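> from the sequence below, what's the structure:
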Amino acid sequence: MDSQFYASIKMVTGEEVLARCMKTVEGGEEIFLLDEPIVVPESTSIDKERNIALSGLVPRKWMTYGGDGLVIVYKHHIISISEMDRWGAEFYEKALLAARVTSPIKKKVHQEEHSGYLGSTDDYRDYLEDMYNNSPDIP
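Purely as a prediction, here's the structure:
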């Protein structure tokens, strides 16, 4: 496993992703582990009163609703990858802070209310067997 580095990655989808990256081999296939990947699309608007165009960078998390900051990307999904210089790494760290602030707020789910437990298998088996045995279609 190679060491971690800051990378700018061009995906086959056309997105440019910035992340801390580590290349490794899993099951004979090269993969890249991306830690806290972000995208930084440019936003442009026109100020008609002053007759100028305003442009700015809007950092956001690449996987908006992902629960973990670590993402696995297979090599065949990447067109190009380049290690960032010190300026790029510093920009990434600042943009990551902005992306974290703008990400959706996760709501806490109360376990007692949303546990997902519906009953035991034995109870349902007995109920279904009883329905089958008492069915008018059984000779």
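> can you give me the helices for the chain?
Assigned by DSSP state H, the chain shows helices spanning 86-102, 121-133.
> any chance of those helices in TSV, with distance to Arg20 too?
In short, each C-beta sits where N, CA and C put it, glycine included. As requested, those are exported to TSV (distance: least, C-beta to C-beta, whole Å):
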stretch	distance to Arg20
helix 86-102	8
helix 121-133	45
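> most tightly surrounded among these?
Sort the helices of the chain by mean neighbour count, taking mean count of other C-beta atoms under 10 Å, and helix 86-102 sits at the top with a mean of 14.
> kindly format the C-alpha coordinates of that helix as PDB.
Presented in PDB, the C-alpha positions along helix 86-102 are these (Å, rounded to 0.1, in the frame of the first residue of the first chain):
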ATOM      1  CA  ARG A  86       1.400  22.500  -1.400                       C
ATOM      2  CA  TRP A  87      -0.900  25.300  -2.600                       C
ATOM      3  CA  GLY A  88      -3.400  22.800  -3.800                       C
ATOM      4  CA  ALA A  89      -3.300  20.800  -0.600                       C
ATOM      5  CA  GLU A  90      -3.900  24.000   1.500                       C
ATOM      6  CA  PHE A  91      -6.800  25.000  -0.800                       C
ATOM      7  CA  TYR A  92      -8.300  21.500  -0.400                       C
ATOM      8  CA  GLU A  93      -8.100  21.700   3.400                       C
ATOM      9  CA  LYS A  94      -9.800  25.100   3.400                       C
ATOM     10  CA  ALA A  95     -12.400  24.100   0.900                       C
ATOM     11  CA  LEU A  96     -13.100  20.900   2.900                       C
ATOM     12  CA  LEU A  97     -14.000  23.100   5.900                       C
ATOM     13  CA  ALA A  98     -16.500  25.000   3.800                       C
ATOM     14  CA  ALA A  99     -17.900  21.800   2.300                       C
ATOM     15  CA  ARG A 100     -18.500  20.300   5.800                       C
ATOM     16  CA  VAL A 101     -20.400  23.500   6.800                       C
ATOM     17  CA  THR A 102     -22.700  23.300   3.800                       C
END
